[in-house]
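Enquirer: Sequence first, then the predicted structure:
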Amino acid sequence: MDAGRGQGNNNARCGWCGRPVSLDSPYALGEERFCCEGCYLGRLAQQQGQEERDQAYLALAESLVAALDAREHETGMHSKRVACHTQVLARQVSDDEGWLRQVYWGALLHDIGKIAIPDAILLKAGPLSEAEWAVMRSHPQRGHDILAGVPFMREAAAIVLHHEERFDGSGYPAGLAGEAIPWGARLFALIDTLDAITSDRPYRRGMPFDTARDEIRRQAGRQFDPRAVELFLAEEATLREMVMQKCTAPQAPPW
């Protein structure tokens with residue numbers, strides 16, 4: 001049981017120093033109780049510091065995406081859309097705000113490894129050769145290498161590394177299958193396909209949501225985790241509305 005929570009009587013432990021404290025203590029944050037003003041202010045300062053760090057981390061992630069956008073001449077909305085849409089599924093799986101942040105950052109930065117892809121390949125107008133595709137397919141590993149050394153993005157880095165894996169093991173770079181693929185990467189892969197099908201491309205117009213839904217259903221057990229598909233279908237109304245809006249309104253961090 002967490003410190004500061006009731007234990008079936010009128011006593012609890014201070015959420016800061018651990019000393020006994022009455023549940024009637026006037027110093028409280030949510031379910032946590034504190035024995036004195038000093039302990040209360042200590043926890044409050046800690047929470048405020050965490051919020052400031054989270055904002056700094058988000059600004060860093062968005063700056064990295066902006067750097068990639070500058071190379072690809074993109075608006076950046078794809079990365080922000082898939083990050084926000086992936087949260088719809090992720091929040092059905094867990095209410096752990098730390099994990100949800102990692103999923104958000106991993107989805108936002110999924111293509112960051114393309115920064116290391118040469119312009120002649122990344123910006124090529126025509127079809128890529130097999131050798132060029134081999135270079136392009138290195139972007140998950142390159143992205144992981146960029147983020148792996150950042151302590152607060154280790155789980156996000158794993159999502160970046162494995163976002164091109166497929167549930168049946170036919171993806172890359174590691175050919176992982178099933179639950180060996182990080183859960184966040186399995187959720188993201190489905191959302192990435194949803195956005196790809198419903199968005200305009202230079203060679204075609206975006207297709208209807210129903211077309212994307214039917215393709216996602218067909219790929220259950222092959223490209224996508226069947227459980228992720230179930231989550232998608234349960235949130236179909238929400239995601240349909242988000243796809244229609246294309247998340248064009250400014251988005252606050254989803255935690």
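Expert: Here it is on my side, so go on.
Enquirer: Number of residues surrounding residue 227?
Expert: 16 (other Cβ atoms under 10 Å). For every residue, glycine as well, the C-beta is placed using N, CA and C.
Enquirer: actually residue 147, not the one I typed
Expert: Quick note: residue 147 (other Cβ under 10 Å) scores 24 neighbours.
Enquirer: what's the closest non-adjacent residue to it?
Expert: Closest residue in space to residue 147, ignoring its immediate chain neighbours: residue 157 at 3.9 Å, by Cβ to Cβ, 6 or more residues apart in numbering.
Enquirer: part of a strand, is that neighbour?
Expert: No. According to DSSP: H, G, I helix; E, B strand; the rest coil, residue 157 belongs to no strand; its state is helix.
Enquirer: where in the stretch 1-150 of the chain is pLDDT low?
Expert: Along the stretch 1-150 of the chain, segments meeting pLDDT under 70 span 1-11, 73-76.
Enquirer: Now do the strands in it.
Expert: Ranges of strands in the stretch 1-150 of the chain, per DSSP state E, counting those that start in this stretch, are 11-13, 20-22, 28-29, 32-33.
Enquirer: How far does the last one sit from its chain's centre?
Expert: The reference is to strand 32-33. 31 Å (Cα atoms, centre = their mean, to the nearest Å).
Enquirer: That strand pairs with which strands?
Expert: Using DSSP bridges, strand 32-33 pairs in its sheet with strand 28-29 (antiparallel).
Enquirer: How about the second one?
Expert: Strand pairing for strand 20-22, using DSSP bridges, gives strand 11-13 (antiparallel).
Enquirer: residue contacts, residue 116?
Expert: 138, 139, 142, 146 (Cβ atoms under 8 Å, 6 or more residues apart in numbering).
Enquirer: Show me which of those residues is closest to residue 163.
Expert: Nearest to residue 163 among those: residue 139, at 9.7 Å, using Cβ to Cβ.
Enquirer: sorry, back to before: for the strands of the stretch 1-150 of the chain, give me JSON lines that also has mean neighbour count and distance to residue 134.
Expert: Formatted as JSON lines, those follow (neighbours: other Cβ atoms under 10 Å; distance: least, Cβ to Cβ, whole Å):
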{"stretch": "strand 11-13", "mean neighbour count": "19", "distance to residue 134": "57"}
{"stretch": "strand 20-22", "mean neighbour count": "15", "distance to residue 134": "62"}
{"stretch": "strand 28-29", "mean neighbour count": "15", "distance to residue 134": "53"}
{"stretch": "strand 32-33", "mean neighbour count": "24", "distance to residue 134": "53"}
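Enquirer: any idea what sits nearest residue 112, other than its immediate chain neighbours?
Expert: Spatial nearest neighbour of residue 112, chain neighbours left out: residue 143 (4.5 Å); criterion: Cβ to Cβ, 6+ apart.
Enquirer: Near the one you found, how many residues? Count them for me, please.
Expert: So residue 143, with other Cβ under 10 Å, has 27 neighbours.
Enquirer: Roughly how far does residue 196 sit from residue 21?
Expert: 54 Å (Cβ to Cβ, to the nearest Å).
Enquirer: Residue 99 now?
Expert: Distance from residue 99 to residue 21, by Cβ to Cβ: 30 Å.
Enquirer: try residue 209
Expert: Distance, residue 209 to residue 21, by Cβ to Cβ: 52 Å.
Enquirer: all helices for the stretch 1-150 of the chain, in order.
Expert: 37-72, 77-93, 97-108, 119-122, 130-136, 139-147 (DSSP state H, counting those that start in this stretch).
Enquirer: Any chance of a markdown table for those helices, columns distance to residue 25?
Expert: As requested, these are arranged in a markdown table below (distance: least, Cβ to Cβ, whole Å):
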| stretch | distance to residue 25 |
| --- | --- |
| helix 37-72 | 9 |
| helix 77-93 | 32 |
| helix 97-108 | 25 |
| helix 119-122 | 59 |
| helix 130-136 | 59 |
| helix 139-147 | 42 |
